[in-house]
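Novice: Return atomic coordinates for the entry below.
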Amino acid sequence: MGVGLTCIAATFFASCGSSGPPPFRIVNAMGDVAISHCSVDQGGIALAQIEVTNHSSSPADYVVTVTFTSAGTKSESGPGFVRGVAPGATAPDQVSGTKSLPVHAGVTCKVATVRRTPSTITSTT
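Specialist: Alright, predicted model coming up:
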């Protein structure tokens, strides 16, 4: 059982001796995401409008999280998923916080993580 799990984990980075397709790579792509707007709605949920620009040479999928801070309280976003971004294209998305923040205190947003993988879908951007 241990060998099988090792091989499964290794398929993200190496082939494990099979002749199948090459494994995909997860890339930290912080430079591909910008926050265009940051706010807190009337219910205290932080929202960030993001723009994802694919700087790679092939279509890509992205998973993005944002850290929101308001009056000393931090909230991570749930993941934003942006799929099939063509090379050089920009795609918008919105991510929201996972806990309530003070409504009238203002909020700052910072991109926390960005993971880019090769896309298997046809780009719509």
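Novice: and the spatially closest residue to C38 that is not a sequence neighbour, what does it touch?
Specialist: Leaving out its chain neighbours, the residue that sits closest to C38 by CB to CB, 6 or more residues apart in numbering is C109, at 3.7 Å. Backbone N, C-alpha and C define where each C-beta goes, glycine included. By CB atoms under 8 Å, 6 or more residues apart in numbering, the contact set of C109 is I35, C38, A46, A48, V66, T67, F68.
Novice: State whether C109 is indeed within a strand.
Specialist: Yes. Assignment of C109 by DSSP: H, G, I helix; E, B strand; the rest coil places it within a strand.
Novice: Okay, and the beta partners of it?
Specialist: For C109, the beta-bridge partners are F68 (DSSP bridges).
Novice: ok, the nearest residue to S57 once chain neighbours are set aside - contacts?
Specialist: The shortest distance from S57 to any residue other than its chain neighbours is 5.4 Å, reached at P87 (CB to CB, 6+ apart). For P87, the contacting residues are N54, S56, S57, S58, P59, A60, by CB under 8 Å, 6+ apart.
Novice: and the gap between the fourth one and S70?
Specialist: Read it as S58. Note on S58: its distance to S70, by CB to CB, to the nearest Å, is 38 Å.
Novice: more crowded one of these two?
Specialist: In this view S58 and S70 are compared by other CB atoms under 10 Å, and S70 has more residues nearby, 22 against 10.
Novice: you'd agree that one is up against K99?
Specialist: No. Using CB atoms under 8 Å, S70 makes no contact with K99, being 10.5 Å away.
Novice: can you list contacts of stretch 66-76?
Specialist: 35, 38, 40, 46, 48, 50, 65, 77, 80, 95, 97-102, 105-112.
Novice: And that stretch, what's buried?
Specialist: Within stretch 66-76, the residues that count as buried by 16 or more other CB atoms under 10 Å are V66, T67, F68, T69, S70, T73, S75, E76.
Novice: In a markdown table: those residues, plus pLDDT and distance to T120.
Specialist: Putting these into a markdown table (pLDDT from 0 to 100; distance: CB to CB, whole Å) gives the following:
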| residue | pLDDT | distance to T120 |
| --- | --- | --- |
| V66 | 94 | 25 |
| T67 | 93 | 29 |
| F68 | 92 | 31 |
| T69 | 90 | 36 |
| S70 | 88 | 38 |
| T73 | 84 | 38 |
| S75 | 85 | 32 |
| E76 | 84 | 27 |
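Novice: Understood, closing this out.
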